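J.: make a model of this:
(one chain, ligands or ions: 1)
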Amino acid sequence: MYWIEKELELWAGASLERSLRESSTVSKSPGYTVRGERVLLNMSSNDYLGLAQHPAIIEVMREALLTEGAGSGASRLVTGNRPAYGRLEAELADWQNCEAALVFANGYMANSGVIGALVGRGDVVFSDQMNHASIVDGIVLSRAEHARYRHNDMEHLRTLLEKHRDKRRKLIVTDAVFSMDGDQAPLRELAELKREHGVMLMVDEAHSGGIYGLRGEGLCHELGLQDDVDIHMGTFSKSFGVYGAYICGSRTLIRWLVNKARPLIYSTALPPSIIAGISKALVLVQNEHWRRERLYAASKLFRSSLCNAGFKIGAGDSPIIVPVIVGDNAATLRFSGALEKAGIASVAIRPPTVPDNTARIRFSLSAIHTDKELTDTATLIRTIGLQQGVLHP
Ligand code: PMP
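T.: Presented below is the predicted three-dimensional model:
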């Protein structure tokens with residue numbers, strides 16, 4: 001096992017080693033996190049709508065714990081399928097305006113399980129090169145051929161679709177909003193290519209569910225493309241503030257997944273308290289429009305403050321993800337360390353999560369951030385950026 005130590009030394013030398021750090025919640029201040037002795041403004045959470053500490057969600061989870069117990073005790077296909085699962089899935093299908101829905105333990109398991117249930121040896125998956133790791137792992141596990149197309153490059157995708165014309169089953173899969181840049185997939189063109197080539201289309205709305213659409217359904221709904229997408233995927237761990245994931249689509253799709261999606265079949269059902277929390281969050285996501293509106297306003301303010309300060313903030317215009325590209329790994333770590341000293345929790349994202357030389361601080365916004373917190377943060381970022389030579393005025 002000596003090789004592990006040697007590899008780790010190499011990683012550490014290149015400022016690439018990751019480590020687990022404790023971050024505690026501050027119950028009276030949901031937008032903050034505690035690291036060591038210090039309370040920091042949390043600019044790296046996925047709690048986009050500020051629901052993770054919502055008292056109504058916590059209350060229904062507490063009640064479910066008391067009445068239903070701590071765990072579900074078995075897989076859903078054994079004895080873990082509590083009635084609340086079916087009720088939630090009916091609510092999800094209604095929300096997404098689909099025939100049916102299926103809850104998974106988390107987004108990673110949904111992506112990695114669903115792809116393998118739909119394609120296998122002799123098939124092909126067309127996947128954007130910037131898609132989330134859980135999609136990549138799903139493709140690898142499926143044993144289908146992985147046809148990676150250049151990021152959002154529809155001409156490249158078209159070439160690959162033609163090249164693989166004779167394959168048995170074909171699936172295009174994309175993030176709706178890419179998690180590291182906050183940019184959007186060209187969903188209209190993808191829907192057209194899907195129709196033209198008669199392939200399946202799967203869209204991961206992890207960073208767009210709750211954010212776009214009249215009831216927070218996601219980007220496909222916002223663009224009126226919901227019926228073009230065969231497999232809608234989203235998580236409950238980000239905008240919903242809870243945990244878990246969904247797949248929505250046709251009744252036939254869901255029936256197939258119940259029989260074929262291994263993470264659903266071979267893993268214990270989510271605890272009933274989580275299902276109760278998701279159901280409550282779903283009501284809030286659909287009805288509390290002010291959270292989305294607040295997020296859009298906050299993002300406009302934060303983005304313009306950073307742009308005015310001269311930062312390179314990535315190609316996207318997502319209301320939640322604002323990446324400040326630094327480039328060098330060590331410089332990015334120093335930048336995030338200095339921000340932490342100044343009271344801001346912001347995580348340095350480095351390769352292999354992002355391409356080489358594009359290390360960055362990925363700021364994420366939440367509906368609970370105030371204007372003052374955001375403008376103060378932008379000022380601090382500017383001051384520290386200038387001090388560290390990250391920002392060249
Ligand atoms: N898809 C995307 C695009 C993600 O960003 C993530 C989480 N980072 C996932 C899937 C996995 O979701 P979960 O955290 O629920 O496992």
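J.: need the contact list for the residue in the stretch 1-150 of the chain that the ligand sits nearest to.
T.: Here the stretch 1-150 of the chain gets closest to the ligand at one residue, residue 107, 2.2 Å apart by Cβ to the nearest ligand atom. Yep, even glycine has a C-beta here, placed from its N, CA and C like the rest. Each residue near residue 107 by Cβ atoms under 8 Å, 6 or more residues apart in numbering is listed here: 132, 134, 204, 206, 233, 234, 235, 237, 245.
J.: one more time with 7 Å
T.: Going by Cβ atoms under 7 Å, 6 or more residues apart in numbering, residue 107 touches 134, 206, 235, 237, 245.
J.: tell me which of these fall in strands.
T.: If you go by DSSP state E, the contacts of residue 107 have 235, 245 in strands.
J.: report the two of the contacts of residue 107 separated the most.
T.: Distance extremes for those: the farthest pair is 134 and 237 at 11.8 Å, using Cβ to Cβ.
J.: picking up where we left off before, among the contacts of residue 107, which are within reach of the ligand?
T.: 134, 206, 235, 237, 245 (Cβ under 6 Å from any ligand atom).
J.: can you pick the most crowded of those?
T.: Sorting these by how many neighbours each has (other Cβ atoms under 10 Å) puts residue 245 first, at 29 neighbours.
J.: tell me how this structure divides into domains.
T.: What automatic domain parsing lists as the domains of the chain is 23-49+289-387, 55-287.
J.: point out the most buried one among those.
T.: Highest mean neighbour count among the domains of the chain (mean count of other Cβ atoms under 10 Å): domain 55-287, with a mean of 20.
J.: just the endpoints, please. Distance across it?
T.: End-to-end span of domain 55-287 (Cα to Cα, to the nearest Å): 16 Å.
J.: and stretch 344-354, C-alpha only, in CSV?
T.: C-alpha atoms of stretch 344-354 as CSV (Å, rounded to 0.1, in the frame of the first residue of the first chain):
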residue,chain,number,x,y,z
ILE,A,344,-16.6,33.8,3.6
ALA,A,345,-16.9,30.1,3.1
SER,A,346,-16.1,29.5,-0.6
VAL,A,347,-14.7,26.3,-2.0
ALA,A,348,-11.8,26.0,-4.4
ILE,A,349,-12.8,23.7,-7.3
ARG,A,350,-9.8,22.1,-9.0
PRO,A,351,-9.1,19.4,-11.6
PRO,A,352,-10.3,16.7,-12.2
THR,A,353,-13.6,18.3,-11.3
VAL,A,354,-12.9,21.1,-13.8
